[in-house]
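**Q** Need a 3D model of the following:
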Amino acid sequence: MIEQTRRAFIVGIVGAGAGTYALADSPQDDNPEAPPDDAFPRQELSIVREVVGASHRDFARVKALIDERPSLVNAAWDWGFGDWETGLGAASHVGRRDIAELLISRGARIDIFAAAMLGQLDTVRTIITACPGIQKTRGPHGISLLRHVEAGGDRAKEVAEYLAGIQGAGGDETPMSPDEDAKRIYLGNYRFGKRDSEQFEIKVSNQGVLEIQRQGGFAQRLFRTAEHEFHPPGAPAVRIRFEIDNGRARRATVTDGSRVIVGRRIIG
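**A** Predicted coordinates for the structure are as follows:
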């Protein structure tokens, strides 16, 4: 009782001397808009995904987004397994010079892939000279440097001629197009946890190539590295290996360095 009285006395003194503090407004009063989500101060995943997705095709939407939120110029989205892509990376591999130039003018960090698509021969030559072998590095989704040049069209012609004499700048991988036997072996759902959402599906895309997709996520093509072993696009170090029993995959193990996820095939 004495302690409560003492606290009330102190509050009263503070309130009398600085009423604005004693009667301070709620933080919500200073933030009339919807409060930030749990990611704050990190950027919301939904808007990151939107600006990167729009950078493949929609100049007006990209401009509107970065006008409102200038820091989005360097936002990056992970499509899965570490296949990271920025807005500039997206614009570069589809040849959207207008979007790429807009992002760069607003502060996007240019790289060799953007420079190649834009036809910046001196930049590309300087980077390759300074970092021999870098032409073999692939961009988002595993797309080669030469493919970025091709996306740039005639304005990147000199870069294409330069890279023609350099080994390793091209040669994109081809995703697996499974025959009927392969479909029987791999296709199905694989559960790696107790919840229904903790599973992924191995399926065939509309283009006829093998894909992996977690429920609610993005489908990603699979590139064969060995018998019953694959890697997803943009993540050549990741391995997806199937264990086969009597001609059917029973388990799929996803290995990303020290991280290992095992999915057991759902037999239904």
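**Q** Show me the shaky parts of the protein.
**A** Under the criterion pLDDT under 70, the flagged ranges of the chain are 1-34, 268.
**Q** Could you list the domains of it?
**A** 45-163, 180-265 (automatic domain parsing).
**Q** okay, the ones you listed, which one's buried deepest?
**A** domain 45-163 (a mean of 19; mean count of other CB atoms under 10 Å). Quick note: C-beta positions are derived from backbone N, CA and C, even for glycine.
**Q** Can you show me the helices along the chain?
**A** 2-17, 19-22, 45-54, 59-68, 87-93, 97-105, 112-117, 121-130, 145-151, 157-163, 180-186 (DSSP state H).
**Q** still on that earlier bit, make a markdown table out of the domains of the chain and add distance to Pro36.
**A** A markdown table is the format used below for the domains of the chain (distance: least, CB to CB, whole Å):
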| stretch | distance to Pro36 |
| --- | --- |
| domain 45-163 | 11 |
| domain 180-265 | 23 |
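**Q** Quick one: closest of the helices of the chain to Glu229.
**A** helix 180-186 (11.4 Å; CB to CB).
**Q** Just checking the distance from that closest one to the centre of its chain.
**A** Helix 180-186 has its C-alpha centroid displaced from the chain centroid by 29 Å (CA atoms, centre = their mean, to the nearest Å).
**Q** Contacts made by it with the rest, please.
**A** Met176, Pro178, Ile202, Val204, Leu210, His228, Phe242, Ile244, Gly247, Arg248, Ala249 (CB atoms under 8 Å, 6 or more residues apart in numbering).
**Q** Put the alpha carbons of that helix into CSV.
**A** In CSV, the C-alpha atoms belonging to helix 180-186 read as follows (Å, rounded to 0.1, in the frame of the first residue of the first chain):
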residue,chain,number,x,y,z
GLU,A,180,6.5,-42.1,-69.1
ASP,A,181,9.0,-44.2,-67.1
ALA,A,182,10.4,-41.1,-65.4
LYS,A,183,6.9,-39.9,-64.6
ARG,A,184,6.1,-43.2,-62.9
ILE,A,185,9.4,-43.0,-61.0
TYR,A,186,9.2,-39.4,-59.7
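**Q** which secondary structure elements does the longest strand along the chain contact?
**A** Using DSSP state E, we find that the single longest strand of the chain is strand 248-256. Contacts defined by 3 or more CB pairs under 8 Å, 6 or more residues apart in numbering; DSSP states H and E place strand 248-256 against helix 180-186, strand 188-191, strand 199-204, strand 239-245, strand 259-265.
**Q** Next, format these as TSV and append distance to Ile127.
**A** Formatted as TSV, those follow (distance: least, CB to CB, whole Å):
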stretch	distance to Ile127
helix 180-186	39
strand 188-191	41
strand 199-204	37
strand 239-245	29
strand 259-265	31
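**Q** Which one, of the ones you listed, ends up nearest to Asp154?
**A** The nearest among these, by CB to CB, is strand 199-204 at 36.4 Å.
**Q** What lies in contact with that closest one?
**A** The contact list for strand 199-204 (CB under 8 Å, 6+ apart) reads 178, 183, 186-193, 210-215, 217, 219, 222, 249, 252, 263, 266.
**Q** how much space between the spatially closest residue to Leu88 that is not a sequence neighbour and Ala156?
**A** Using CB to CB, 6 or more residues apart in numbering and skipping residues adjacent in sequence, the residue nearest Leu88 is Ala108, 4.4 Å away. Computed as CB to CB, to the nearest Å, the Ala108 to Ala156 distance reads 18 Å.
**Q** for Arg251, same thing?
**A** From Arg251 over to Ala156 (counting by CB to CB), the distance is 45 Å.
**Q** what do you get for Cys131?
**A** With CB to CB as the criterion, Cys131 and Ala156 are 20 Å apart.
**Q** go on, Thr123?
**A** When Thr123 is compared with Ala156 (using CB to CB), they lie 12 Å apart.
**Q** neighbours of the residue nearest to Pro36 when sequence neighbours are not counted, just the number please.
**A** Leaving out its chain neighbours, the residue that sits closest to Pro36 by CB to CB, 6+ apart is Glu44, at 7.9 Å. By the measure other CB atoms under 10 Å, the count of residues near Glu44 is 15.
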